[in-house]
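Q: With the sequence up front, the predicted model follows.
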Amino acid sequence: MKLVVFGAAGRMGRMLVTTIAETEGAVLHGATDRAGAEALGKDAGLLAGVGESGVIITDDVAKALDGADAVIDFSAPAATVALAGLAAERGVAHIIGTTGLSEADLAALADAAKRNVVVRSGNMSLGVNLLAALVRQAASALGEDFDIEVLEMHHRHKVDAPSGTALLLGEAAAEGRGITLGQRSVRVRDGHTGPRTSGDIGFATLRGGSVVGDHSVIYAGPQERITLSHHAEDRGIFARGAVRAALWTRGQAAGLYSMADVLGVG
Ligand SMILES: NC(=O)C1=CN([C@@H]2O[C@H](COP(=O)(O)OP(=O)(O)OC[C@H]3O[C@@H](n4cnc5c(N)ncnc54)[C@H](OP(=O)(O)O)[C@@H]3O)[C@@H](O)[C@H]2O)C=CC1
Ligand SMILES: O=C(O)C1=N[C@H](C(=O)O)C[C@H](O)C1
C-alpha cells in the first residue's frame, strides 16, 4: 500500500514515517506539512531518523496524494477537514488521528465518508480500544450510584482538552449507561459548583512534562471505587495502529469506520 503521511514533521508524523519503514506491505509514497514549515524540502526518512527515504516533504498535498492508496493524518482540525475533501475527490482512504474536532468538523468528515473510506479514532492503540470495550461493559453493569469520572494526563505541548481518548472513553461509558454523552458530560469544574448530579460523566485534565498519554475511568460508588486505566509508553502504539488501519482499508466500501472496526474489538 502506498501511504502518504500528512503532518510528517510532527511528533506523530515522524513516528509514522518510522513505522511505515518497519512495516511489510507499507511504502512511504508522500509526506506533507504546513505551508511555510521548516521541514519542507527535507527527506522524510532522514527527518524521522530512519535513513534516506527519497520522499521529500512538500506542502503540495494534491501532488502527494497522486497515485496513493491512503493518507495518514495526525495534524490539526482545520487541516484534517480540508484534507478530507481532497482525499475523497481522489479516492485516497483517509486515516484520521487528529483530535480536538468540533461538531461541525465531524459533520464534514462524515460527509466525506459518504464517498471515501475514512477511519477516525481519538486513539489508535490496541490497548485503549480494548479498554473502551471494558469501560462500556462496566458502565452497563454498574448503576447510577457509581459516579463515572474520566481523568487524563498528557505532555505540555498538547493543545486540545479533554483528549480525544478521554472523549472516546466517555462515549463508551455513556453507551454502556444508555445515555448521550453530550447531554450528561461535565468537562470543567470551577468555583461553587454545587454537589455532583447523579448520572453525569465528569472529565478532568492534567498537562505537563513529556507524558505520552495516561487515561483512567473511575467508577466511584458507595464505599468502593473501581479504576480502569491505560498508560501509553511510546507513540509507536498509535502509529502502528494507524498503519494497520491504512492496510485494512484495502477493498473496504466507502464509510466512516473506527479502530474498533479495524481491530475487531468492542
Ligand atoms: N488518535 C491517536 O491515536 C493520536 C492522536 N494524536 C493527535 O494527533 C494530532 C497531532 O499530534 P502531534 O503529532 O503530537 O502534534 P504536532 O504538533 O507535533 O504535529 C502536527 C503536525 O501537523 C502539522 N500541521 C498543522 N497544521 C497543518 C496544516 N494546515 N497542513 C499540514 N500540516 C499541518 C504541524 O505543522 P506545524 O508544527 O508547522 O504547525 C505538525 O507538523 C493531535 O491532534 C493529537 O491529539 C496524537 C497521538 C495519538
Ligand atoms: O496529543 C497527544 O499526544 C495524544 N492525543 C490523543 C488524544 O487526544 O487522546 C491520543 C494520545 O493520548 C496522545
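A: That came through, no problem. Ligands and ions are numbered 1, 2, ... in the order given.
Q: Tell me which residue of this protein is positioned farthest from its centroid.
A: Q223 (35.0 Å; Cα atoms, centre = their mean).
Q: ok, now how distant is that residue from F146?
A: 11 Å (Cβ to Cβ, to the nearest Å). Glycine gets a C-beta too; all of them are placed from N, C-alpha and C.
Q: Can you name the residue of this protein nearest to ligand 1?
A: Across the chain, the shortest distance to ligand 1 (Cβ to the nearest ligand atom) belongs to G10, at 2.1 Å.
Q: Can you get me a residue count around G41?
A: A total of 10 residues lie near G41 under the criterion other Cβ atoms under 10 Å.
Q: quick one: it is in a helix?
A: No: counting by DSSP: H, G, I helix; E, B strand; the rest coil, one finds G41 to be coil, located in no helix.
Q: That one: what's it in contact with?
A: 56-58 (Cβ atoms under 8 Å, 6 or more residues apart in numbering).
Q: what separates it from T80, distance-wise?
A: For G41 relative to T80 (Cβ to Cβ), the value is 24 Å.
Q: How about T165?
A: Using Cβ to Cβ, one gets 17 Å for the distance from T165 to T80.
Q: Could I get the average pLDDT for stretch 225-241?
A: Here stretch 225-241 scores 98 as its mean pLDDT.
Q: hmm, that stretch touching ligand 1?
A: Yes: applying Cβ under 6 Å from any ligand atom, one finds that stretch 225-241 is in contact with ligand 1 at F238.
Q: Now that stretch: buried residues?
A: Within stretch 225-241, the residues that qualify as buried by neighbour count (16 or more other Cβ atoms under 10 Å) are 228, 230, 232, 235-241.
Q: ditto for stretch 147-159
A: Neighbour-count burial for stretch 147-159 flags 147-154, 158 (criterion: 16+ other Cβ under 10 Å).
Q: which among those residues gets closest to ligand 2?
A: Using Cβ to the nearest ligand atom, K158 is the member of those that sits closest to ligand 2, with 4.4 Å.
Q: Does that closest one touch G208 like I think?
A: No: using Cβ atoms under 8 Å as the test, K158 is too far from G208 to be in contact (9.9 Å).
Q: The residue most central in space within the chain and A21, how far apart?
A: Using Cα atoms, centre = their mean, the residue of the chain that lies closest to the mean C-alpha position is G122, 2.8 Å off. Separation of G122 from A21 (Cβ to Cβ) stands at 26 Å.
Q: Could you do A232 as well?
A: 21 Å.
Q: got it, and G127?
A: Distance of G127 to A21, computed by Cβ to Cβ: 23 Å.
Q: For A84, which three-state class applies?
A: On the three-state scheme (three-state DSSP), A84 is labelled helix.
Q: List the contacts of the closest residue to it other than its chain neighbours.
A: Nearest non-adjacent residue to A84, counting by Cβ to Cβ, 6 or more residues apart in numbering: A112, 3.9 Å away. By Cβ under 8 Å, 6+ apart, A112 lies in contact with 84-85, 87-88, 94, 118.
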